[in-house]
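> Sequence and predicted structure are below.
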Number of protein chains: 2
Amino acid sequence: MTVNNDLHFRKVAIIGVGLIGGSLALAMREQGLVTEVVGVGRGVENLEKAIELGIIDSYSTDVCEGVKDADLVFLAVPVLSIASVIKTAAGSLKQGAIVTDGGSVKETVLRDAKKVLPGGVHFIAGHPIAGTEFSGAAAAFATLYQGKKCILTPDSDTDAEALSAVRGIWESVGSIVTEMAPKTHDAILGAVSHLPHVIAYALVNTVDGTDAGDRTAIDYSGGGFKDFTRIASSSPDMWKDICLMNKTAIVDVIEGFQRELETLKDHIKEGNAEGLIKDFGRAKKVRDTIKN
Amino acid sequence: MTVNNDLHFRKVAIIGVGLIGGSLALAMREQGLVTEVVGVGRGVENLEKAIELGIIDSYSTDVCEGVKDADLVFLAVPVLSIASVIKTAAGSLKQGAIVTDGGSVKETVLRDAKKVLPGGVHFIAGHPIAGTEFSGAAAAFATLYQGKKCILTPDSDTDAEALSAVRGIWESVGSIVTEMAPKTHDAILGAVSHLPHVIAYALVNTVDGTDAGDRTAIDYSGGGFKDFTRIASSSPDMWKDICLMNKTAIVDVIEGFQRELETLKDHIKEGNAEGLIKDFGRAKKVRDTIKN
């Protein structure tokens, strides 16, 4: 293990220096957890900006060069790329290094990562539940993870010491860390994050297809619709990846949702006022447990 | 007609002195459109507050007493109550008075209102598309309607002069007024407002029913879910009324949405990356036309 007791990394490589990766770098620096941060990415302009903002000390556009000698590698790349980046970097990863990620899907990511991970290198699958609507190094800030949940999904092969080190990092930057099985993570995130995105895309397409005579329905949307559909402005490419990587859980939860919606539609068709009040009321009660 | 050329009402009755009714009263006062405002409601505490805030000059808990001698009556009550309030008030409405409403459903409201409207009284069906998450007289403010759309839905029986007066009020308080058929209004609002509410309720119930082992899925929701489901905290009773009053349009648009969602589910099941990018991309393009 390269991690000493007071949790300090000599060199950290951040692959993908955007909101997620950049904010972790800033927070680790602020907590004195790291001596040197190397950024890896494809956009030189973004990487230059990251140096200017004090997020990283240097950068490389080459993964193998970037991860060389790194004690910790944080992968803030699209879920579909996590395993392929590890595969590319495999020959350059130092023995005892810890590789961890921030992807929104865990079971398939962990499965694929383990296939390409070189011996003597530890992979800890993780997912900080934090973000803003902005992206790129310029959007990063040190307090992004404060008070936010972070899920780690170890399995029976996971190295306990490496897991404890990654837990330590997230706790040091202010996160509330939970460990759970990858499958549980994917069912939960499928419900609270992936399903809402799929629904938001389907809703906007429905409104777009609404026959409103010579009017355009979306022109009459108010603040509620704006809030409700903000996530439909998310990257189609990123969400395509997440949907395909978390296929089983997402299809399951879509089908659960289809049943709930069908029930409400039946109530409306049948003029079932009591059924509507009961089912709307149940949802309101649950939603009211979230602040604002 | 009691409306003179420079659009001034001697006495206006606001039935339901909350965010919608109270804000119209404040805005009409600010624009010098009214001499005296009477509030009508059931909650005396709210009506006392409305006097204290300068929204109304006096109040009554009796509809008949409140509308007496009013040149304009604004109904800011639940959609299911609009016609019944008119029926109750019928004998007390002054000849030539204009009655107008702010309900989210127009075809059934207009149909029911016409059945109970006394001769010589004009009903103009309207819907200001504005609101906040707050309610009650204390939430009212004079600028609520500035820059917001307001839809009026006249039919072949509508009095042109009364319509023009109501249009004049909304324009005076800063709204962008559009006229359209009640059916068109209901199809549009069914899509951009009623459907999202039904979906939000169904989504929260789905998350509530998600099997997450010994965890509770909703505990892991982030900011996106919060924004996406805020409308599931809306009043079940009010939304039950809206769903039942706009049954045909809502069932239609739910079915349109079910088809869009089924398509996305099929893409995910089949691993159809191109289909997902195309359909997510179409939604993103439409959503991006709304500012933030």
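Perfect, thanks for sending it.

> C-alpha only now, for contacts and for neighbours.
OK.

> any low-confidence regions in chain A?
Chain A contains residues with pLDDT under 70 at A:1-5, A:292.

> Show me which helix runs longest in it.
In chain A, taking DSSP state H as the definition, the longest helix is helix A:247-270.

> quick one, what contacts residue A:279?
Residue A:279 makes contact with A:264, B:201, B:205 under the criterion C-alpha atoms under 8 Å, 6 or more residues apart in numbering or on different chains.

> check which helix or strand covers the last one.
Mapping residue B:205 onto the secondary structure by DSSP states H and E places it in helix B:195-208.

> That helix - contacts with which helices or strands?
helix A:247-270, helix A:273-287, helix B:223-229, helix B:247-270 (3 or more C-alpha pairs under 8 Å, 6 or more residues apart in numbering or on different chains; DSSP states H and E).

> now the angle from the last one to helix B:273-287?
When axes from the mean of the first three to the mean of the last three C-alpha atoms, to 10 degrees is applied, the directions of helix B:247-270 and helix B:273-287 differ by 140 degrees.

> surely residue A:146 meets residue A:173?
Yes. The criterion here is C-alpha atoms under 8 Å, and residue A:146 meets it with residue A:173 at 6.4 Å.

> the more surrounded of those two?
Using other C-alpha atoms under 10 Å in any protein chain shown as the criterion, residue A:146 and residue A:173 rank with residue A:173 on top: 25 against 16.

> Which among the helices and strands packed on helix B:195-208 is found nearest to residue B:188?
Proximity to residue B:188 (C-alpha to C-alpha) singles out helix B:247-270 among those, at 8.7 Å.

> Now do the buried residues in that closest one.
B:247-254, B:256-258, B:260-261, B:263-265, B:267-268 (16 or more other C-alpha atoms under 10 Å in any protein chain shown).

> repeat for stretch A:228-246
Judged by neighbour count (16+ other C-alpha under 10 Å), stretch A:228-246 contains these buried residues: A:228-234, A:236-237, A:239-246.

> touching chain B at all, it?
Yes. Using C-alpha under 8 Å from any C-alpha of the partner chain, stretch A:228-246 reaches chain B at A:228-237, A:240-241, A:243-244.

> And what about the residue nearest the centre of chain A, helix, strand or coil?
Nearest to the geometric centre of chain A sits residue A:104, at 3.7 Å (C-alpha atoms, centre = their mean). Three-state assignment for residue A:104 (DSSP: H, G, I helix; E, B strand; the rest coil): coil.

> That one: what's its closest spatial neighbour, skipping adjacent residues?
By the measure of C-alpha to C-alpha, 6 or more residues apart in numbering or on different chains, the closest residue to residue A:104 outside its immediate chain neighbours is residue A:127, 6.0 Å from it.

> gap between that neighbour and residue A:21?
According to C-alpha to C-alpha, to the nearest Å, residue A:127 and residue A:21 sit 12 Å apart.

> more crowded one of these two?
Taking other C-alpha under 10 Å, residue A:127 and residue A:21 do not tie; residue A:21 has more neighbours (24 against 21).

> where's that one, which helix or strand?
Counting by DSSP H and E, residue A:21 is part of helix A:19-30.

> What are the contacting residues of that helix?
A:14-16, A:34-35, A:37, A:50, A:54-56, A:74-76, A:102, A:131-132, A:134-145, A:169, A:172-173.

> Kindly report the same for stretch A:191-199.
A:231-232, A:239, A:242-243, A:250, A:253-254, B:203, B:206-207, B:210, B:217-218, B:220-222, B:224-225, B:228, B:261, B:264.

> So which of the buried residues of helix B:247-270 reach chain A?
Contacts with chain A within the buried residues of helix B:247-270, counted by C-alpha under 8 Å from any C-alpha: B:247, B:251, B:253-254, B:256-258, B:260-261, B:264-265, B:268.

> Pick the one among these closest to residue A:93.
Once C-alpha to C-alpha is applied, the member of these that ends up nearest residue A:93 is residue B:268, at 34.2 Å.

> contact partners of stretch A:73-89?
Here stretch A:73-89 has contacts from A:12-18, A:20-21, A:63-64, A:67, A:97-105, A:109, A:112-113, A:116-117, A:238, A:241-242, A:245, using C-alpha under 8 Å, 6+ apart.

> quick one: which of these sit in strands?
When those are checked against strands (DSSP state E), the matches are A:12-15, A:98-101.

> wait, which of those is closest to chain B?
residue A:101 (18.0 Å; C-alpha to the nearest C-alpha).

> shouldn't residue A:8 be in contact with residue A:36?
No. Residue A:8 lies out of contact with residue A:36 (C-alpha under 8 Å); the separation is 10.6 Å.

> what about the two, which has more around it?
residue A:8 (20 against 16).

> check contacts around that one.
Taking C-alpha under 8 Å, 6+ apart, one finds A:32-35 in contact with residue A:8.

> So which of the residues you listed are in strands?
A:34-35.

> Selection in ChimeraX covering whichever of the contacts of residue A:8 are buried, please.
The buried subset of these, as determined by 16+ other C-alpha under 10 Å, is captured in ChimeraX by this line:
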select /A:33,34
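
> Between the contacts of residue A:8, which sits nearest residue A:162?
Among these, residue A:33 lies closest to residue A:162 (C-alpha to C-alpha), at 15.1 Å.

> isn't that closest one right up against residue A:11?
No. At 9.8 Å, residue A:33 and residue A:11 do not qualify as touching, with contact defined as C-alpha under 8 Å.

> and stretch A:210-218, which residues are buried?
In stretch A:210-218, the ones that count as buried by 16+ other C-alpha under 10 Å are A:210-212, A:217-218.

> biggest separation within those residues, which pair?
Farthest pair in the buried residues of stretch A:210-218, by C-alpha to C-alpha: A:211 and A:218, 11.1 Å.

> Isn't residue A:175 up against residue A:147?
Yes. Counting by C-alpha under 8 Å, residue A:175 touches residue A:147, with 5.2 Å between them.

> Between these two, point out the one with more neighbours.
residue A:175 (23 against 14).

> got a list of what that one touches?
A:128, A:145-150.

> In terms of residue numbering, what are the domains of chain A?
What automatic domain parsing lists as the domains of chain A is A:9-180, A:184-287.

> how about TSV for these, with distance to residue B:122 added?
TSV is the format used below for the domains of chain A (distance: least, C-alpha to C-alpha, whole Å):
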stretch	distance to residue B:122
domain A:9-180	48
domain A:184-287	26
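
> Contact partners for residue A:178?
A:149-152.

> Those residues in strands, which ones?
Per DSSP E, these map to strands at A:149-152.

> Please list which of those residues also come close to chain B.
With C-alpha under 8 Å from any C-alpha as the criterion, the ones in strands among the contacts of residue A:178 include residue A:149 near chain B.

> Reformat the ones in strands among the contacts of residue A:178 as TSV; add neighbour count.
What follows is these, written out as TSV (neighbours: other C-alpha atoms under 10 Å in any protein chain shown):
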residue	neighbour count
A:149	22
A:150	22
A:151	25
A:152	26
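
> Take the ones in strands among the contacts of residue A:178 and lay them out in JSON lines including distance to residue A:279.
Output for the ones in strands among the contacts of residue A:178, formatted as JSON lines (distance: C-alpha to C-alpha, whole Å):
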{"residue": "A:149", "distance to residue A:279": "29"}
{"residue": "A:150", "distance to residue A:279": "31"}
{"residue": "A:151", "distance to residue A:279": "31"}
{"residue": "A:152", "distance to residue A:279": "34"}
